[in-house]
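Asker: Make a model of this:
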Amino acid sequence: MPPRPRFDRRAPVRELPNINERISYPNLRVVDADGSQLGVITREAALEVARDRELDLVLVSEKADPPVCRIMDYGKYKFEQEKKAKEAKKKSHQTEVKEVKMRYKIDQHDYDVRIGQAVRFLKAGDKVKCTVIFRGREIQHTALAEVLLMRMAKDLEENAEIQQPPKREGRNMIMFLSPRKLAAGKAPSGEAKPKAARESKDGKEPRPVRVVTTGAAAGAATGAASGPSSAD
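Answerer: Predicted coordinates:
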């Protein structure tokens, strides 16, 4: 028995589409290019119809009885499917974890740079891992690092919420922030309007405000409404 080769040098088998002459079923249910049904016809007749229209015969459902084929421009169809797949891939955003590193003795300018980076990551829909790095004896100042991380969380609270509070891991202290999600039906800051203003803008009159008085004030109001007494 010959020894088995370490590597298979054969070219990979390409899966070719089932179109035109590659379709081997004798009878087919054919759908025309405009969506109309041509019924069950032979393979040769279906190929003849596709050639007359200068289109392709494409196998759509192999498990049906008989198999279903459609007459179409396969090159155009394939291009459109690839275009749709690319657009769907662009729209789908996979959440990543972006890291922002700093020292607990960071100056204001560098701190502002880290804040800008974190805001950019959060607005892109990514989570942010805030890391404070300790070197040498700096490990003794974990409390200052925690204060710095909580300050960062406070400065980013408009765009982020704390997913994991500051926690020491080895010679680092880390904190995870995730993008803040607006509550359903809650308008962003600066966009809320008074209810009366919204109603008048829609062409509706604001409803009158009902004032309810209690106690002595209610008695005084009742007396004023009844007018002067007979004694007067």
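Asker: going forward, measure contacts and count neighbours with C-alpha atoms only.
Answerer: Noted.
Asker: and for the longest strand belonging to the chain, what are the contacting residues?
Answerer: Of all segments of type strand in the chain, defined using DSSP state E, the longest is strand 160-169. Residues outside strand 160-169 that contact it (C-alpha atoms under 8 Å, 6 or more residues apart in numbering): 122, 142, 146, 149-150, 153, 173-180.
Asker: at 10 Å what do you get?
Answerer: Where contact means C-alpha atoms under 10 Å, 6 or more residues apart in numbering, the residues beyond strand 160-169 that reach it are 118-119, 122-123, 127-132, 139, 142, 145-150, 153-154, 156, 173-181.
Asker: ok, now stretch 98-105?
Answerer: Residues from elsewhere that reach stretch 98-105 (C-alpha under 10 Å, 6+ apart): 110-111, 113-115, 117-118, 121-122, 126-135, 138, 141-149, 172-177.
Asker: from those residues, which ones fall inside strands?
Answerer: Going by DSSP E, the strands hold 127-133, 172-177 from the contacts of stretch 98-105.
Asker: Just name the closest of these to residue 64, please.
Answerer: The nearest member of the ones in strands among the contacts of stretch 98-105 to residue 64, counting by C-alpha to C-alpha, is residue 127 at 47.2 Å.
Asker: I figured the closest one was touching residue 117, is that so?
Answerer: No - taking contacts as C-alpha atoms under 10 Å, residue 127 lies outside contact range of residue 117: 11.7 Å.
Asker: More neighbours: these two, which one.
Answerer: The residue with more neighbours, out of residue 127 and residue 117, is residue 127; 22 against 15, by other C-alpha atoms under 10 Å.
Asker: Report the contact partners of that one.
Answerer: Residue 127 sits next to 95-99, 118, 121, 160-161, 163, 176-179 when contact means C-alpha under 10 Å, 6+ apart.
Asker: Residue 173 now?
Answerer: 104, 130-134, 139, 142-143, 145-146, 149, 165-167.
Asker: Same question for residue 131.
Answerer: 99-104, 145, 149, 166-169, 172-176.
Asker: filter those residues to the buried ones?
Answerer: Among the contacts of residue 131, those scoring as buried are 99-100, 102-104, 145, 149, 166-168, 172-176 (criterion: 16 or more other C-alpha atoms under 10 Å).
Asker: what's the closest of those to residue 19?
Answerer: residue 99 (49.8 Å).
Asker: Using ChimeraX, make a named selection holding only the buried ones among the contacts of stretch 98-105.
Answerer: Selection of buried members from the contacts of stretch 98-105 for ChimeraX, criterion 16+ other C-alpha under 10 Å:
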select :111,114,115,118,121,122,126,127,128,129,130,131,132,133,134,142,145,146,148,149,172,173,174,175,176,177
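Asker: nearest to residue 33, of the contacts of residue 173?
Answerer: Taking C-alpha to C-alpha as the measure, residue 33 lies nearest residue 130 of the contacts of residue 173, at 57.1 Å.
Asker: For that closest one, list each beta-bridge partner.
Answerer: Beta-bridge partners recorded for residue 130 (DSSP bridges): residue 100, residue 175.
Asker: Now do the longest strand of the chain: distance to the chain's middle.
Answerer: Taking C-alpha atoms, centre = their mean, to the nearest Å, one finds strand 160-169 lying 23 Å from the centre of the chain it belongs to.
Asker: Can you tell me which of the ones in strands among the contacts of stretch 98-105 is closest to residue 74?
Answerer: Nearest to residue 74, judged by C-alpha to C-alpha, of the ones in strands among the contacts of stretch 98-105 is residue 127 at 42.3 Å.
Asker: Packing partners of the longest helix along the chain?
Answerer: Across the chain, the longest stretch assigned as helix under DSSP state H is helix 74-91. Applying 3 or more C-alpha pairs under 10 Å, 6 or more residues apart in numbering; DSSP states H and E, one finds that helix 74-91 contacts strand 56-61.
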